[in-house]
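Trainee: predicted coordinates and the sequence they were generated for:
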Amino acid sequence: MVQPSHPGNVGAAARAIKTMGFHDLCLVAPRFPDVLTQPEAQSLASGATDVLTAVHIFPTLEEALASTTLAFALTARARVLGPPPCDIREAADASREHLQGPGSRIAVVLGTERSGLTNEDIALCQRICHIPANPEYSSLNVAQALQLAAWELRYALAQAASMPLLPTTDGRFVEGNEPASNEKVQAFLAHWEQAITEVRFLDPAHPKKLVPRMRHMFSRNAMTNDEVDMMRGLCTAMIKAARGGVGPQSLGMLGSDPVQGLTPMPGDVGSDPVRGLTPGKDRSAPYAASTSSRPVRRDSSWMPEPDTSSSRMTRPSFSSKTARSV
């Protein structure tokens with residue numbers, strides 16, 4: 001950064017390059033000799049004070065660039081005289097290739113805040129670099145411009161090194177977030193088919209393509225163990241509600257597992273994948289209709305007459321030696 005006048009920009013620049021994996025920030029003739037200890041610089045560095053305290057200060061740009069082998073002059077204006085121009089992405093690609101050579105060091109040069117780099121400053125660089133921006137207002141804050149330049153350089157270097165560009169968990173899964181096994185998914189799908197049959201959404205006599213489509217919908221989403229458990233809890237609640245239950249509380253579902261606490265009704269012990277529940281033999285009329293207030297008798301067990309007045313269902317780093325900013 002050439003002749004920075006605002007301490008906040010210095011702090012923001014330190015933060016900008018650290019987020020992209022760089023640490024070598026240089027200042028040329030800053031307005032305030034104590035710029036690194038200014039409160040605004042410290043505040044805007046925000047976690048990058050290590051970069052800030054390691055800043056190199058030089059009296060001239062020529063001295064700052066003495067050890068570099070390729071320098072890009074970052075400017076918004078077109079120049080009649082000077083090195084050949086390129087955009088910031090081309091500069092990043094050129095930097096990636098240049099850094100493959102031994103002893104190579106690159107620099108991105110920018111400043112000052114008010115007027116930008118002088119022709120003399122640009123003459124000390126090997127390339128002119130532009131950030132494609134709104135031609136009607138192309139002036140970027142120096143820290144913002146440095147952030148964009150650092151990002152493009154990181155992206156180019158990361159691709160060359162086959163580094164991951166997105167955050168990863170290193171193959172670790174949070175408990176319950178593991179992919180469900182095919183056996184577990186298929187058991188859920190059988191349970192789901194039973195549930196939608198019990199609530200009369202599916203007519204077993206005329207299923208058409210409903211079941212295959214639903215199986216396809218669930219199978220393509222790579223369900224996790226938690227998701228399968230959640231959906232099976234929903235299936236259990238649907239089945240119980242269809243049989244005259246009153247929702248999750250009647251199932252004993254007060255704990256974290258929506259399936260725990262389910263007590264099969266007499267005559268319901270069969271091949272169902274969850275707790276032995278199976279639908280009644282007559283799916284079209286699982287319970288006898290009654291107009292009296294007396295309980296309905298079914299399979300030698302007593303249960304209250306279904307309430308038809310309301311619904312019972314509840315919802316349930318890169319090395320700092322390779323690149324620098326001046």
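Mentor: In hand now; what should we look at? As the structure is a prediction and not an experimental result, all values here were calculated from the model.
Trainee: counting neighbours, what do you get for Thr236?
Mentor: For Thr236, the neighbour count with other CB atoms under 10 Å is 27. Where you see a C-beta, it was placed from the backbone N, CA and C, and this is true even at glycine.
Trainee: name the element it belongs to?
Mentor: Per DSSP states H and E: Thr236 is located in helix 225-242.
Trainee: how far out from the middle of the chain is that helix?
Mentor: 29 Å (CA atoms, centre = their mean, to the nearest Å).
Trainee: now do the helices in the stretch 1-150 of the chain.
Mentor: Per DSSP state H, counting those that start in this stretch, the stretch 1-150 of the chain carries helices over the ranges 7-19, 39-45, 49-53, 61-64, 88-98, 119-123, 142-160.
Trainee: tell me the most buried of these?
Mentor: Most buried of those by mean neighbour count (mean count of other CB atoms under 10 Å) is helix 7-19; its value is a mean of 24.
Trainee: tell me what it is packed against?
Mentor: If you count contacts as 3 or more CB pairs under 8 Å, 6 or more residues apart in numbering; DSSP states H and E, helix 7-19 packs onto helix 39-45, helix 49-53, helix 142-160.
Trainee: which one of those helices lies nearest to Gly82?
Mentor: Among these, the nearest to Gly82 by CB to CB is helix 142-160 (17.9 Å).
Trainee: show residues contacting that closest one.
Mentor: Defining contact as CB atoms under 8 Å, 6 or more residues apart in numbering, one finds that helix 142-160 is touched by 1, 4, 9, 12-13, 15-17, 19-22, 44, 72, 74, 88-89, 91-93, 95-96, 99, 108, 110-113, 129, 131, 140, 163-165, 318, 323, 325.
Trainee: quick check: mean pLDDT of it?
Mentor: The average pLDDT within helix 142-160 is 94.
Trainee: could you give the angle of the very next helix or strand once past it to helix 225-242?
Mentor: Next helix or strand after helix 142-160 toward the C-terminus (DSSP H and E): helix 182-198. If you take axes from the mean of the first three to the mean of the last three CA atoms, to 10 degrees, helix 182-198 sits at 20 degrees to helix 225-242.
Trainee: buried stuff in the helix or strand just after helix 182-198?
Mentor: Using DSSP H and E, the helix or strand that directly follows helix 182-198 along the chain is helix 210-219. Residues of helix 210-219 classed as buried: 211, 218 (neighbour count, 16 or more other CB atoms under 10 Å).
Trainee: low-scoring stretches of this structure, by residue?
Mentor: Scanning the chain for pLDDT under 70 picks out 168-174, 245-326.
Trainee: domain-wise, how is it divided?
Mentor: Domain assignment for the chain, taken from automatic domain parsing, gives 7-160, 182-303.
Trainee: nearest to Glu175, out of those domains?
Mentor: When those are compared (using CB to CB), the closest one is domain 182-303, at 8.7 Å.
Trainee: now Phe72, nearest residue through space, not along the chain?
Mentor: Leaving aside its sequence neighbours, Phe72 sits nearest to Cys129 (CB to CB, 6 or more residues apart in numbering; 4.1 Å).
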